[in-house]
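> How does the following fold in three dimensions:
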Amino acid sequence: WAITAKPSGYGAFSPLVFECAAAGDAIALGIVTTAAQAVDALISAAQALGAERVALVGGVSQPLRPYLSASSLAVLRRPLSDAADGAILLAGGRLPDSEISDT
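Next up is the predicted model:
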């Protein structure tokens, strides 16, 4: 299974991992803590490049928040748009101004 599994297959375990971490399971807590530290490092790197706000998206974004550092939480904001728009921007495209809102 592990050789052919897609990311969504692994992601299906995330609710159980967070549940076990909250219950104090050492292995699950280690997984979640490691993930939070990786996100903290990415946020710090984004800040070093000039980012003033960061949006955390994806299925584990909300359950991971309690494990993030205070400095990461301080810069997290709601996404201005969806992941597809973000991909367009990363690819060097431009979105019409009307498609991006801060609400």
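
> which of the residues in the lengthiest helix in the chain are buried?
The longest helix of the chain (DSSP state H) is helix 26-48. Buried residues in helix 26-48, counted by 16 or more other Cβ atoms under 10 Å: 28-29, 31-32, 35-36, 39-40, 43-44, 47. C-betas here are computed from N, CA, C, even on glycine.

> again, but for stretch 65-80
Using 16+ other Cβ under 10 Å as the test for burial, stretch 65-80 gives 67-68, 72, 75.

> what about it, start to end distance?
This stretch, stretch 65-80, spans 18 Å end to end (Cα to Cα, to the nearest Å).

> Stretch 72-86 too?
From its first residue to its last, stretch 72-86 covers 20 Å (Cα to Cα).

> quick one on the thing from earlier: can you list contacts of the helix or strand immediately after the longest helix of the chain in the chain?
Sequence order places helix 61-64 as the next helix or strand after helix 26-48, per DSSP states H and E. Identification of contacts with helix 61-64 by Cβ atoms under 8 Å, 6 or more residues apart in numbering yields 14-15, 18, 32, 35-36, 39, 56.

> ok, back up a step: helices or strands up against the longest helix of the chain?
Here helix 26-48 touches helix 14-22, helix 61-64, helix 70-75, going by 3 or more Cβ pairs under 8 Å, 6 or more residues apart in numbering; DSSP states H and E.

> pLDDT on the shortest one, on average?
Think helix 61-64. Averaged over helix 61-64, pLDDT sits at 94.

> same thing with the first one?
Per-residue pLDDT values over helix 14-22 give a mean of 97.

> could you give the angle of it to helix 26-48?
Put simply, helix 14-22 runs at 100 degrees to helix 26-48, going by axes from the mean of the first three to the mean of the last three Cα atoms, to 10 degrees.

> buried set for helix 14-22?
Buried residues in helix 14-22, counted by 16+ other Cβ under 10 Å: 14, 17-18, 20-21.

> Kindly report the same for stretch 56-65.
Judged by neighbour count using 16+ other Cβ under 10 Å, the buried positions of stretch 56-65 are 56, 60, 63-64.
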